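*Asks:* Structure, please.
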Amino acid sequence: MVDTEQALLAQSPPARSTALESVGNSITPALKPLMGSNGVILGAIALVFMVMQIMKGRGTSGKIARGSVSGGAEKARARKRAIAQLKAKKHNSVALYIGSLRRNKQGKPRNAKALYLPDVQRGVAIAGGPGSGKTYSAINPLIRAALDEGMPALVYDFKYPGQAECLVAYAARRGYDVRIFAPGYPESEVCNILDFMADADDALMARQIASVMNRNFARSSNSSEDKFFADAGDQLTQAILMLAKGMPNPDLMTASAVLGLDALPARIMEGKRLGELGSLPQGWHISHWVYYAFSQLLQLKDSEKTVAGVIGTASKVFSRFMAPELISTFCGQTTLPIELSGKQLVILGLDRRRREAVAPLVATVLHMMVTMNVTKKRSDPLLLAIDELPTLYLPYLTQWLNENRSDGLCTVIGFQNITQLEDAYKREQARAILGGCATKVLFNPQDPDSARMFSDYLGEEEVTIKQKSRSSGGKGGASHSTSDHLQKRPIVESAQFNRLPVGRCVLISPGFCRKDETSIPLISSIKVPKADVLDDDWSVKTWPKVKAKLEARTPQSLGDSDRARQEIAIRMAIAAELLPLPVDGEGAEASGGRFNGGVPSILPTPKVGARVINAAALMEFTEAF
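*Replies:* Have a look, this model is predicted:
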């Protein structure tokens, strides 16, 4: 038995050797063509293919989502660019920051904790529902940063004096000339809207004023009008403004007095005829361009109902603000600075108790001031801060954002959610406004539609999900395995947006960039530094003293009811004298009796536009500090 096993073992190796030789003999003919140059080429091709597959797996083309968030490196790049812009101080390349900025002896910023936002001239949109922190955590800090950098600023204060309390004393302590235009408040400056017009023939400016006033009135009163009467009302308002500009005491009160005349088309025609004959006092006459502006109304003169409808449409705006406490701020010589430069701060305040009457005036002043400032060459940037944007209608806002950033306009807008913005500006224009802002700060919108839009805007990111599995059975017992699966998810889900706590936001800025992409979102909680909180508290505490100083220097002179009635009577008398009713063949007027009372002497229309009264008036605030 042993001998047999040994014999078998002795025979095994030759058997295996014989089998291998048999396999080799069968394969050798197949491999023989690859042993020459052809084999080298095929091998190289195979190697290249393998390398490409490996690189493909490591590259980004295999990603199912490419979204990402900013980190420390992106914030450092934004800080570096912002500091360079702050140092260069160019009017069309501007940076701001959130948080107190400490500087070294050379003036270089050294506060790494501040949140730097470069390229704010490309527009900043800040969205967040009530109580989300958008004003306290973002808008006011950006305004304070602009004041720290010595930029002129134009601020719209919807909840006046909410923002004014936080900013006026802060700016005055830094050497700013502070002016406030808030119809209905005793500390307000005077802004005669007709001073934006160069002369009575300035039809373009008159058209802008008429359009902005009427559109804002329609929105504030929630009225819907026929398109014909709306357009005709704009045209008549333009013509009335042009006519009033060439009359004594050119202001909105004079325009209202003219619009209140009976038989207005007939009076315009008679005034034109008598003016050409030289029969009116001191050679006053209606110019060709002013008369042409009334052409639509004159063509409708034979249709009394249509004329009454057009005049009624235009009269709605003027009748709302004919009150003593309001007319004193827009009648007389303008004292509000129009062209801003250097350390100047203008706050436009809205009295919410008289919102329907005041909003059109404030919107018109804001619109015209921005237009005057961006149509000239600037040497320094201008900050325009508009919180609660949907409360105003600004027809040129998209142009300001997209076309005037190179002119030095830095626009910061705030709104609660996209639904509110679309309700005020319609969907297409609202999207254009949001798209015109390169920097976006998104707080809790408290609105599902806005949350979905913001989530879609941020995109999706790639995540790796590890999946563990366990199988049992068989002789080997249970087995465990782990596998990785790539999936994609929103960077911030829509539900997450509506759960953001106060002060936490998603910030998108062109400064947050990498080598091949920019505007990478940053999820952050904005914490206002203690120094800023103390400055804010001090400014609010000092506001009553500063307000008293502003009231003491106010140029308003028509706040008294008796004085206001007298001025209205004077303007009505002048309007009736310069625009008389036509007379019939017997020398009697065609209708009614002509005004025969005493008419004040007619003074020439002043040609000088509004200017800053005295930039050194700041010294008035020293006692308040």
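*Asks:* From what I see, Pro337 and Leu345 are in contact.
*Replies:* No: counting by CB atoms under 8 Å, Pro337 does not reach Leu345; the two are 9.7 Å apart. Bear in mind the C-beta positions are built from the backbone N, C-alpha and C, glycine included.
*Asks:* Pull up the overlap in contacts between the two.
*Replies:* 177, 179 (CB atoms under 8 Å, 6 or more residues apart in numbering).
*Asks:* Please identify which of those two sits among more neighbours.
*Replies:* Leu345 (27 against 23; other CB atoms under 10 Å).
*Asks:* Name the SS class of that one, please.
*Replies:* strand (DSSP: H, G, I helix; E, B strand; the rest coil).
*Asks:* So it sits against Tyr170, correct?
*Replies:* No: in this structure Leu345 lies outside contact range of Tyr170 using CB under 8 Å: 9.3 Å.
*Asks:* Could you tell me which residues touch both of the two?
*Replies:* With CB under 8 Å, 6+ apart, Leu345 and Tyr170 have common neighbours Leu147.
*Asks:* I would like the residues contacting the helix or strand hosting Ile523, please.
*Replies:* Using DSSP states H and E, Ile523 sits in strand 522-525. Strand 522-525 is touched from outside by 69-70, 74-75, 115, 492, 501, 503-509, 512, with contacts defined as CB under 8 Å, 6+ apart.
*Asks:* ok, then the element right after it?
*Replies:* Heading C-terminal from strand 522-525 (DSSP H and E), you reach helix 530-552.
*Asks:* Only alpha carbons, please: show that next one as CSV.
*Replies:* Extracted as CSV, the C-alpha positions of helix 530-552 are listed here (Å, rounded to 0.1, in the frame of the first residue of the first chain):
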residue,chain,number,x,y,z
LYS,A,530,-20.3,95.2,20.8
ALA,A,531,-18.7,98.5,19.7
ASP,A,532,-21.3,98.8,17.0
VAL,A,533,-24.1,98.1,19.5
LEU,A,534,-22.7,100.8,21.8
ASP,A,535,-22.5,103.3,18.9
ASP,A,536,-26.1,102.5,17.9
ASP,A,537,-27.4,103.0,21.4
TRP,A,538,-25.5,106.2,21.8
SER,A,539,-26.9,107.6,18.5
VAL,A,540,-30.5,106.7,19.5
LYS,A,541,-30.0,108.3,22.9
THR,A,542,-28.5,111.5,21.3
TRP,A,543,-31.3,111.8,18.7
PRO,A,544,-33.6,114.1,20.7
LYS,A,545,-30.8,116.7,21.1
VAL,A,546,-29.8,116.5,17.4
LYS,A,547,-33.5,116.7,16.4
ALA,A,548,-33.9,119.9,18.4
LYS,A,549,-30.9,121.4,16.5
LEU,A,550,-32.4,120.4,13.2
GLU,A,551,-35.7,122.0,14.1
ALA,A,552,-34.0,125.2,15.1
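*Asks:* Mean confidence (pLDDT) on that helix, please.
*Replies:* Averaged over helix 530-552, pLDDT sits at 95.
*Asks:* elements contacting it?
*Replies:* For helix 530-552, the elements it packs on are helix 140-148, helix 162-173, strand 177-181, judged by 3 or more CB pairs under 8 Å, 6 or more residues apart in numbering; DSSP states H and E.
*Asks:* Could you give the separation of the very next helix or strand once past the last one from the chain centroid?
*Replies:* Later in the chain than strand 177-181, the nearest helix or strand by DSSP H and E is helix 203-220. For helix 203-220, the distance between its averaged C-alpha position and the chain's averaged C-alpha position is 19 Å (CA atoms, centre = their mean, to the nearest Å).
*Asks:* by contact count, what packs against helix 203-220?
*Replies:* helix 227-245, helix 288-293, helix 304-320, helix 355-374.
*Asks:* Mind doing that once more with 7 Å?
*Replies:* Applying 3 or more CB pairs under 7 Å, 6 or more residues apart in numbering; DSSP states H and E, one finds that helix 203-220 contacts helix 227-245, helix 304-320, helix 355-374.
*Asks:* tell me the average confidence for that helix?
*Replies:* Rounded mean pLDDT across helix 203-220 is 92.
*Asks:* swap in stretch 114-122?
*Replies:* On average, stretch 114-122 scores 96.
*Asks:* Need the distance between the two termini of it.
*Replies:* With CA to CA, to the nearest Å as the measure, stretch 114-122 spans 20 Å from end to end.
*Asks:* Need the residues that contact it.
*Replies:* Residues from elsewhere that reach stretch 114-122, judged by CB atoms under 7 Å, 6 or more residues apart in numbering: 78-79, 81-82, 85, 92-99, 101, 381, 405, 410, 438-439, 509-511, 526.
*Asks:* ditto for stretch 444-462
*Replies:* Under CB under 7 Å, 6+ apart, the answer for stretch 444-462 is 63-65, 67-68, 127-129, 132, 416-419, 442, 486, 488-494, 497-498, 500, 506, 521.
*Asks:* Let's see which of those residues end up in helices.
*Replies:* 418-419, 494, 497 (DSSP state H).
*Asks:* Neighbour-wise, which one of those leads?
*Replies:* Counting by other CB under 10 Å, top hit in the ones in helices among the contacts of stretch 444-462: Phe497 with 26 neighbours.
*Asks:* excluding its backbone neighbours, what's nearest it?
*Replies:* Ala451 (3.9 Å; CB to CB, 6 or more residues apart in numbering).
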